[in-house]
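1. predicted model follows, preceded by the sequence.
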Amino acid sequence: MRRSSAGELKGKDISMHELPITESILKIVLKHAEMNRVRKVMAIHLKVGKLSDLEDDWIQRYFDYLSKGTLAEGAKLKIERTPIMVQCNTCFTSYEAEMARMGDLVCPACGEKGGTLLSGREYYIKEMEVQ
Amino acid sequence: MGDIRLIEVKEEILSDNIKQAEEVRERLRKTKTMLLNLMSSPGSGKTSLILQTVEGLKGAMRLGVIEGDIDSTVDAEKVAARGIPAIQLRTGGFCHLDATMVTRGIDAMAVNEFDLVIIENVGNLVCPAEFDTGAHKNVMILSVPEGDDKPLKYPLMFSICDLLLVNKIDYLSLSDFDMAALRKRVLTLNPRITILEVSCKTGAGIEGWIDWLKGEVAAFKGLK
C-alpha cells in the first residue's frame, strides 16, 4: 500500500517532537519526488541548527517507520548541523557560540556580554539524492 | 537502476506550522483577541497562575483558556469551576502544541467574545519552544525549586519569550537560588524579555503580572 502523505499517521501515540518534524520532512520530500517524477529517493540532505534538540537517530528511526511503502522508503537522512552564530550588540562582530554557553555569551572581540542570535534555529531541507 | 541525481528542495521543514501560526495570529487580530502561550516545566505553576489571573482580571476583560495538558481534564475543570470558559485539547501524549491543534481550540470557542485567550501549553521546556502556536505573546514560568541554571540548559525557550515569571519566590529563603545570576543569564540570552517575580501561593507580585497583561492587551487592541 502506498501512502501519498504522512498525514494519516498523525495522532498515533508516539511522543517527542522528532515525530511531527519527521512527518513534515516526509511530506515535503514526497511532494518534490512527485514533482520531479523520481522513482526512488536515496538520501535527503538536511540543515538543522545546533540550538535544536533533535536527535539524529530518532529522526532516522521515525523516518524509516513513516516512509514505508513510499518513494522515500529506505532513504538516508544526512544531517548537517549549522553553527549557532551570535552578533555582538556593541561592536557588531559575529561569532560562533556553543549551546551550553548561551547564557554566558561574551564577545571575543570587545568582551561585551550578550548578543543577538543570527542563526542556529534552522530546520531546512537542502536537497535530495534521487533515482 | 538509473544514475543518482540531485534535486534542490530548499524548503523550511516547519513551513506548514509557521503558515498555520500566521493564519491564527491574523484571524485573532481581526477579532481583537490576544492569544498568549504559557509554557513551563511540569509543576512550576501554570494552572495556579491561570487561577490567580482569573481572579486578578475579574471585571477587567473577558478571558478564555485553552488547556493543552496531556490527556487529562483536571486543569480545564479547575479553570471552568471559576466560571471561565476553558477548552481542553486532547494532545494524546504529544510533547507540545502546534498551530493546528491551537486552531482546533479556537474553532471550538467563540473567540470574538474574548479579549484574551491563554493557552496552557504542555509542561516541557524543550519542544514547545520549537513550535509556533500562533500566539501573539509567549510567556514562561520558571519556579524557584527548578534552579537558576535553567537558561543554560534550555536557551531556546528563554530566547523566544516576551515575559518570564519567576514563580514560588516564597521558597527563596529555603534555597540557594541566585536571582541576580538568573536575571543576568536570561537577559544575556534575550535582552528584550521582561522578568517578574511572583508567588501564586502567597499572591506576591501577582499585581505586577496583571498590570503587564492589561497593558499588553490594551496595546494589542490599539487602546494605548
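-> Perfect, thanks for sending it. Residues are numbered from 1 along each chain as shown, chains lettered A, B, ... in the order given.
2. name the helix or strand of chain B that has the lowest mean pLDDT.
-> The weakest-scoring helix or strand in chain B, judged by mean pLDDT, DSSP states H and E, is helix B:74-80 (a mean of 79).
3. so which bits of whichever helix in chain A runs longest are buried?
-> When chain A is parsed with DSSP state H, its longest helix is helix A:18-35. Under the neighbour-count criterion of 16 or more other C-beta atoms under 10 Å in any protein chain shown, helix A:18-35 has A:18-30, A:32-33 buried. Heads up, the C-betas are built off the backbone N, CA and C, glycines and all.
4. what subset of the residues you listed is also close to chain B?
-> Counting by C-beta under 8 Å from any C-beta of the partner chain, A:20, A:21, A:24, A:25, A:27, A:28, A:29, A:32 from those sit close to chain B.
5. doesn't residue B:18 make contact with the third one?
-> No - taking contacts as C-beta atoms under 8 Å, residue A:24 lies outside contact range of residue B:18: 10.5 Å.
6. give me the element the most centrally placed residue in chain B is part of.
-> A centroid search over chain B (C-alpha atoms, centre = their mean) returns residue B:38, at 1.6 Å, as the residue closest to the centre. Using DSSP states H and E, residue B:38 sits within strand B:34-39.
7. does that strand reach chain A?
-> No - counting by C-beta under 8 Å from any C-beta, chain A is not contacted by strand B:34-39; separation bottoms out at 13.4 Å.
8. which other residues reach that strand?
-> For strand B:34-39, the external contacting residues (C-beta atoms under 8 Å, 6 or more residues apart in numbering or on different chains) are B:24-25, B:28, B:46, B:49-50, B:102, B:106, B:115-121, B:124-125, B:128-129, B:133-141, B:157, B:161, B:213, B:216-217, B:220-221.
9. need the pLDDT of the residue nearest to the centre of chain B.
-> If you check residue B:38, the pLDDT there is 96.
10. go on, the one 10 residues further on?
-> At residue B:48, the model reports a pLDDT of 92.
11. now residue B:31. Nearest residue, chain neighbours left out?
-> Leaving aside its sequence neighbours, residue B:31 sits nearest to residue B:112 (C-beta to C-beta, 6 or more residues apart in numbering or on different chains; 4.1 Å).
12. pop out the phi and psi values for that neighbour.
-> Residue B:112 has phi and psi values of phi -70, psi -10 when expressed as degrees, to the nearest 10.
13. shaky segments in the chain?
-> Defaulting to chain A. Along chain A, segments meeting pLDDT under 70 span A:1-16.
14. ah, no, chain B please
-> Residues of chain B that meet the cut-off, pLDDT under 70, sit at B:1-2, B:69-73, B:92-93, B:224.
15. what are the boundaries of the helices in it?
-> B:15-30, B:46-56, B:74-80, B:99-107, B:127-130, B:150-153, B:155-160, B:179-189, B:206-220.
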